[in-house]
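**Q** Would you be able to build a 3D model of this:
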Amino acid sequence: MKKTDTVIIGAGPVGLFAVHQLGIKGLKSIVIDNLDKAGGQCIELYPDKPIYDIPAVPECTGEELTKKLLEQIKPFNTEFFLNERVEEVKQDKENWIVKTNNKNEFLAPNIIIAGGVGSFEPRKLSVKEAEKFEGKSLFYAVRNKEQFKNKNISIFGGGDSALDWALELSKFSKINLIHRREEFRGAPHTLSEIKKLEKDGKISIKTPCQLDSIEGDTNIESITLKFDDGKTEKIKTDIVLSFFGLIMKLGPIAEWGLNMNKKTIEVNSENFQTNKKGIFAAGDICTYPGKLKLILSGFHEVALASVECFKRARPNEKYRFEFTTSSKNIQERLGKK
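**A** Take a look at the predicted model:
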């Protein structure tokens, strides 16, 4: 069992800033997230979309913000447990035991839940045999464009993700863009580009239809589409990309005995502690009178929560507020001379 001062659940912007606020106070933390990389909603939902309400940053993308936050916490050498979900939380005197689905166990006096709106899971294809191709020739996200070069790719979806990747991957692969409706929901300018590429024969649009079956042994070899008029079409396919959105679930958090309000966790606004001492919540997952679902609000919440975390982790030490501009202790922790 690994011991630490604080277990942070969620590696989005608020969880990452929690690492910083704990770190400058001399506290150790570990971060657990069920996604395969840090960034949370910023990376999964809008990595390339501009954000305009981060203080002193007129404009940045979700990906840029995540990179800056990761850079900011580098001095603390925090351990991340990605692709991992917290399954159980159990009290042990003044500490909490946290167990994950990967059989990892942690002991800490503090837990900060910074899980956004819960855990993200892709909305998966329901056709028979789909599961056996996952991660080999069926994907719900693009992590590395290189693996999709010079392939026959069938992309399912009608939103921005489907259109953006159809546009991007058409630069070096043959694309079938498949949607269950005639109309797409993506950005008009992107759709305009898609239509041009369709005329040039680089993208083939198939609507209105749905996936009927997947054929292949270890990898996908073809798919069969069923159109609204009852006709079917078999298409040679190497790769299937499905962008039917993400399902957001609270998961096991809902079973931890925390006071809930419409799928959010109730906290006090003094230190953002829940009804369980030592368990805090911050970011979109928490609620209190006047709550605003802004990234900057989450930053404020973990800044205050970290003070109480210090008091619980160091009960024999007096907490002393220090400015980063003048504190030698903080500057040493940040690796500044």
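
**Q** Report the rounded mean pLDDT for stretch 100-116.
**A** For stretch 100-116, mean pLDDT is 94.

**Q** hang on, I meant stretch 256-273
**A** What stretch 256-273 shows for mean pLDDT is 94.

**Q** Give me the contact list for that stretch.
**A** By Cβ atoms under 8 Å, 6 or more residues apart in numbering, the surrounding residues in contact with stretch 256-273 are 89, 113, 117-118, 250, 253-254, 274-276, 279-282, 284-290, 301-302, 304-305, 307-308. Placement of C-beta: from N, CA and C, glycine included.

**Q** quick one: which of those residues sit in helices?
**A** Glu301, Val302, Leu304, Ala305, Val307, Glu308 (DSSP state H).

**Q** For stretch 293-302, buried residues please.
**A** Ile295, Ser297, Gly298, Phe299, His300, Glu301, Val302 (16 or more other Cβ atoms under 10 Å).

**Q** would a markdown table of those residues with pLDDT and distance to Glu64 be doable?
**A** Below are the buried residues of stretch 293-302 laid out as a markdown table (pLDDT from 0 to 100; distance: Cβ to Cβ, whole Å):
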| residue | pLDDT | distance to Glu64 |
| --- | --- | --- |
| Ile295 | 96 | 13 |
| Ser297 | 97 | 20 |
| Gly298 | 97 | 17 |
| Phe299 | 98 | 16 |
| His300 | 98 | 21 |
| Glu301 | 98 | 22 |
| Val302 | 98 | 20 |
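
**Q** Find the centremost residue of this structure, please.
**A** With distances taken as Cα atoms, centre = their mean, Gly40 lies nearest the centre of the chain, 2.6 Å away.

**Q** Break this structure down into its structural domains.
**A** 2-121+247-333, 124-244 (automatic domain parsing).

**Q** In this structure Asn102 contacts Glu84, no?
**A** Yes - in this structure, Asn102 is within contact of Glu84 by Cβ atoms under 8 Å, at 4.9 Å.

**Q** And these two? Which one has more around it.
**A** Here Asn102 and Glu84 are compared on neighbour count by other Cβ atoms under 10 Å; more neighbours surround Glu84, at 18 against 11.

**Q** Show me the strands in the stretch 51-200 of the chain, by range?
**A** Ranges of strands within the stretch 51-200 of the chain are 60-61, 79-82, 86-92, 95-100, 105-108, 110-113, 119-122, 138-139, 152-156, 174-178, based on DSSP state E, counting those that start in this stretch.

**Q** any idea how far Ala114 is from the residue nearest to the centre of the chain?
**A** 8 Å (Cβ to Cβ, to the nearest Å).

**Q** where do the contact lists of these two overlap?
**A** Gly10, Gly12, Val14, Gly15.

**Q** residue ranges with poor pLDDT in the protein?
**A** Applying pLDDT under 70 to the chain flags the ranges 118-120.

**Q** Now with 80, please.
**A** Scanning the chain for pLDDT under 80 picks out 36, 44-48, 116-122, 143, 245-251, 337.

**Q** What segments of it are helices?
**A** So, for the chain - with DSSP H - the helices run 13-23, 41-44, 62-72, 130-133, 160-169, 188-199, 295-313, 328-333.

**Q** what about the ones you listed, which gets the closest to Leu211?
**A** Among those, helix 130-133 comes nearest to Leu211, with 8.4 Å by Cβ to Cβ.

**Q** elements contacting the closest one?
**A** strand 209-216 (3 or more Cβ pairs under 8 Å, 6 or more residues apart in numbering; DSSP states H and E).

**Q** Give me the buried positions along the strand it packs on.
**A** Cys209, Gln210, Leu211, Ile214, Gly216.

**Q** One more: stretch 139-146?
**A** Here stretch 139-146 shows Phe139, Tyr140, Val142 as buried, counting by 16+ other Cβ under 10 Å.

**Q** If we only consider those residues, which is nearest to Pro75?
**A** Val142 (31.6 Å).

**Q** That closest one against Leu241, yeah?
**A** Yes - between Val142 and Leu241 a contact is recorded at 6.9 Å, counting by Cβ under 8 Å.

**Q** Report the set of residues contacting both of those two.
**A** By Cβ under 8 Å, 6+ apart, the residues touching both Val142 and Leu241 are Trp165.

**Q** Apart from its neighbours in sequence, what residue is nearest Gly26?
**A** Closest residue to Gly26 apart from its sequence neighbours, by Cβ to Cβ, 6 or more residues apart in numbering: Arg333 at 6.5 Å.

**Q** what about the one you found, how many neighbours?
**A** 17.

**Q** which ones are touching it?
**A** Gly23, Ile24, Gly26, Pro75, Phe76.

**Q** Tell me the spatial nearest neighbour of the last one, not counting adjacent residues.
**A** Taking Cβ to Cβ, 6+ apart, and ignoring the residues beside it in sequence, Phe76 has Gly23 as its nearest neighbour in space, at 3.8 Å.
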